[in-house]
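[1] Prediction below, plus the sequence it came from.
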Amino acid sequence: MAELFDMGKHTWFVWGSYAVFFIFIVAELVLLGRRRRTIWQRLSRIKRMNSGDNNET
Amino acid sequence: MLAIFHTILARELTLGLRRKADVLMTLFFCVIVASMFPLAVGPEPALLKTMGAGIIWVAALLASLLSLERLFSADYIDGTLEQMIISRHPLALIVFAKVVAHWLTTGLPLVLISPLLALQYGLEVQDGLVLVATLLIGTPILSLLGAVGAALTLGLRGGGVLISLLVLPLFVPVLIFGAAAVDDAAAGLVIEGHFSLLGAMLVSALILTPWAVASALRISIE
Amino acid sequence: MLQVSGLFCERGDRQLLNGLSFTLKPGQLLHVRGANGAGKTSLLRIIAGLLLPTAGDVLWQGKPTQQQREDYHGDLLYLGHLDGVKGDLSCIENLRIDNELLGAEISEASMMAALEKLGLSGFEEVFAKQLSQGQHRRVGLCRLLMSQAKLWVLDEPFNALDVKAVGLLAGLIEVHLERGGMALLTTHQDVPLSTERVSEITLGQV
Amino acid sequence: MNINWFKYASPASFYPLAGKMIPWFAVPAVILAVIGLIMGLFILPPDFKQGESYRIIFIHVPAAWMSMVIYLAMAFWAIIGMVWNSRLSSMMATALAPTGAIFCFLALWTGALWGKPTWGTYWVWDARLTTQLILLFMYFGYMALHAAIEDPRRAARASGLLAVVGAFNVPIIYFSVQWWNTLHQGASITPTKSEMAASMASVMLIMAIAAWLYSIAVTLKRVRCEILDRERHAAWVAELSTEAK
């Protein structure tokens, strides 16, 4: 199994670049998911604000 | 139609002359930046000769970048920009007059002082002339492209740094051909190609950027 | 004739001007009332073409203003919160620039007369930045005397003016309306004008 | 069968459509990526000259392509947004930018890591890499301008105009850098394009398509966030937020 991942003297470079690639893609997806959640929280806050002050405007 | 161009140009020039400090500041900035490099890389004449054109070009580019911010911000603050935008004349023409005035108060002085810097770097006389010629064609392009950045970042905090981030990538082709023309002249190569490319960039900038600056101003004034 | 229909405008999280519509006929003045932040300035800037509404459109002589920008601006005079006066230029120099921008083509003498009418005689060659705030504003107001624009859009024109200047300005507006001109203005003072020409709308409760 | 395009131009009707489309792009992207990775990393024999390090091109080249394509797509949507004054297309341009910037950075990063074993230095002033670097600055300029303006609509229009001006200059920058690179031939070593074996080309194609699908999926997901952000007052968002909880 080990020789599958062994890339000769270039192991560090090949796996280094694939690892960085993977990290960035995952980071993008995670940040996107978090952004979605914060937007939903904000929407429900606006919804409560609107329903709360119907009589005021 | 020409009257408005003439009026705005005269207005900008009178304002520019009344605030001589701004004009001189960009000039001194360019000279100071150009004089920094020998202190950094050592006074060895042969080295300075090869790097001279590039350094002077970068110094001129940074100096015109520095002065872009005041192209619209003063008029934005006191409301005269609003009056220009809703005047009956095409905004692109008014913007073009302002950019020409900006070039006359910053680009042209840089061109006039560049022979001095060329001597400082020990460039041959005819190479110095080529440098002046490239700056003469190049600095208007910098003013035109820079005006787009100035219009987009109008009224934003941290506008100065933001303008450089927006506009420097657009300056790259002008810098490459401007500096390369002088190196090729020094190496005795043919340089007509460089000038025709710089000329092409200037013509396309003259035609396209006023429209882009006008729509950028309409966006930023909101 | 100015027609505004279904105007929506968004400022940050707040909705202003939801679905505002009105028409303004020659000789009419519209006084835009509303609390601070109700969207008065946004409305005037939309009509002047400085601000793009989120929805709805502004028609001048039946055509949307975006399609006839230069002609519309030829008939428009807008005075916002900013006076639009250059501090480093003298009063007369400011007026020469405005004369060109407005396309008024009036003579040097009538510019001097305009300055004099607004109580700035003797200040022609003085730099605008050396004037008081009231005087500085009056240099901007000279545009009202110089321009033949049919539509005046004035944002808080009366503030920073002394009593005499307020009366003078009201007179100018009166003359403009009699000549068949139209005006839209916002002010916190009550408008010293004959009432039958003045119609009002109040933002915020619409 | 005339599709009424303008029906989908309104954010309200595009939002559910985008939601439905995302899996159609995301799933094939993952499948293709996995196939490409397995073939590229394990099945293909090592290159006689470069040994194993050539496998990096299977992510370097698609990333470089995507960074260029996405920038042009941003300019495309910005133009449409300006011409038809349609908020949705300027939102699409804004949604594309982060993915493009990430691909641009990854292309540079993997380019450097690939450069070390093959040419001995991490950074080579090669025409393509230099243009990639300048493109990265343009992405940062776009995002910095978009972030500096509070009002989202004005931010989208201002950065859209910048994208259009930028896209107009990208070819000029590329050719001037290309020319500049050949002029200073002596100064730097340029990587000659080794002709690609058919199998390598197919893996490259698979990875490129996977990158395309991935970008579309992520952009659609992000544009949905932009729509919710921009239309937070709209009625359809309000009752959407009730049943979504």
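    Great, that's in hand. Residues are numbered from 1 along each chain as shown, chains lettered A, B, ... in the order given.
[2] quick one, phi/psi of the most centrally placed residue in chain D?
    Nearest residue to the geometric centre of chain D (C-alpha atoms, centre = their mean): D:Gly100, 3.2 Å. Per-residue torsions, D:Gly100: phi -60, psi -40 (degrees, to the nearest 10).
[3] What about the residue in chain D that chain B sits nearest to, how many residues nearby?
    The minimum distance from chain D to chain B, using C-beta to the nearest C-beta, falls at D:Ser176 (3.9 Å). In short, each C-beta sits where N, CA and C put it, glycine included. Counted with other C-beta atoms under 10 Å in any protein chain shown, the neighbours of D:Ser176 add up to 22.
[4] Which strand or helix spans it?
    helix D:152-183 (DSSP states H and E).
[5] Quick one: mean pLDDT for that helix?
    Helix D:152-183 shows a mean pLDDT of 88.
[6] cool, stretch C:37-54 as well?
    88.
[7] same question, stretch C:123-130
    89.
[8] Pull the residues that contact it.
    C:85-92, C:94, C:112, C:115, C:131, C:135-136, C:139 (C-beta atoms under 8 Å, 6 or more residues apart in numbering or on different chains).
[9] What segments of chain D are helices?
    Taking DSSP state H to define them, one finds helices in chain D at D:11-37, D:57-83, D:87-119, D:127-148, D:152-183, D:198-230, D:235-244.
[10] So which of these is nearest B:Leu152?
    Proximity to B:Leu152 (C-beta to C-beta) singles out helix D:152-183 among these, at 5.2 Å.
[11] Now do the closest one against helix D:57-83, angle only.
    130 degrees (axes from the mean of the first three to the mean of the last three C-alpha atoms, to 10 degrees).
[12] and whichever residue of chain C sits closest to chain B, what element?
    Closest contact between chain C and chain B, by C-beta to the nearest C-beta, is at C:Leu82 (2.6 Å). Here C:Leu82, judged by DSSP H and E, is contained in no helix and no strand.
[13] is it true that it touches B:Tyr76?
    No. Look at C:Leu82 against B:Tyr76 with C-beta atoms under 8 Å: they stay out of range, at 9.0 Å.
[14] which bits of chain D sit near chain A?
    D:37, D:41-42, D:46, D:51-53, D:55-56, D:59-60, D:63, D:98-99, D:102, D:105-106, D:109-110, D:113-114, D:116-117, D:214, D:218, D:221-222, D:224-225, D:228-229, D:232-233, D:237-238, D:241-242, D:244-245 (C-beta under 8 Å from any C-beta of the partner chain).
[15] which residues touch the residue nearest to the residue of chain C closest to chain B when sequence neighbours are not counted?
    For C:Leu82, ignoring the flanking residues on the chain, the nearest one in space by C-beta to C-beta, 6 or more residues apart in numbering or on different chains is B:Gly79 at 2.6 Å. Counting by C-beta under 8 Å, 6+ apart, B:Gly79 touches C:Gly80, C:His81, C:Leu82, C:Asp83, C:Gly84, C:Val85, C:Gly140.
[16] Can you tell me the centre-most residue of the chain?
    I went with chain A, as the question did not name one. Centre-most residue of chain A, counting by C-alpha atoms, centre = their mean: A:Val30, 1.4 Å.
[17] wrong one, chain C
    Chain C has C:Leu154 as the residue nearest its centroid, 2.5 Å off, counting by C-alpha atoms, centre = their mean.
[18] picking up where we left off before, could you report the distance from the residue of chain D closest to chain B to B:Ala200?
    Counting by C-beta to C-beta, to the nearest Å, the separation of D:Ser176 from B:Ala200 is 11 Å.
[19] Please enumerate the helices of chain C.
    C:40-48, C:69-74, C:91-102, C:108-117, C:133-146, C:163-178.
[20] Just put these in TSV and tack on mean neighbour count and distance to chain A.
    Listed next are those as TSV, based on neighbours: other C-beta atoms under 10 Å in any protein chain shown; distance: least, C-beta to the nearest C-beta, whole Å:
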stretch	mean neighbour count	distance to chain A
helix C:40-48	24	17
helix C:69-74	18	33
helix C:91-102	23	40
helix C:108-117	16	45
helix C:133-146	21	34
helix C:163-178	15	33
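[21] I'd like to know which of those lies nearest to B:Leu131.
    Using C-beta to C-beta, these put helix C:91-102 closest to B:Leu131, at 37.6 Å.
[22] Work out for me the element the residue in chain B positioned nearest to chain D sits within.
    Closest residue of chain B to chain D, C-beta to the nearest C-beta: B:Pro173 (3.9 Å). In this assignment (DSSP H and E), B:Pro173 forms part of helix B:159-186.
[23] tell me what that helix is packed against?
    helix B:45-66, helix B:125-152, helix B:192-220, helix D:127-148, helix D:152-183 (3 or more C-beta pairs under 8 Å, 6 or more residues apart in numbering or on different chains; DSSP states H and E).
[24] I'd like those written out as a markdown table, with distance to chain C added.
    Listed next are the helices and strands packed on helix B:159-186 as a markdown table, based on distance: least, C-beta to the nearest C-beta, whole Å:
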| stretch | distance to chain C |
| --- | --- |
| helix B:45-66 | 20 |
| helix B:125-152 | 15 |
| helix B:192-220 | 8 |
| helix D:127-148 | 16 |
| helix D:152-183 | 7 |
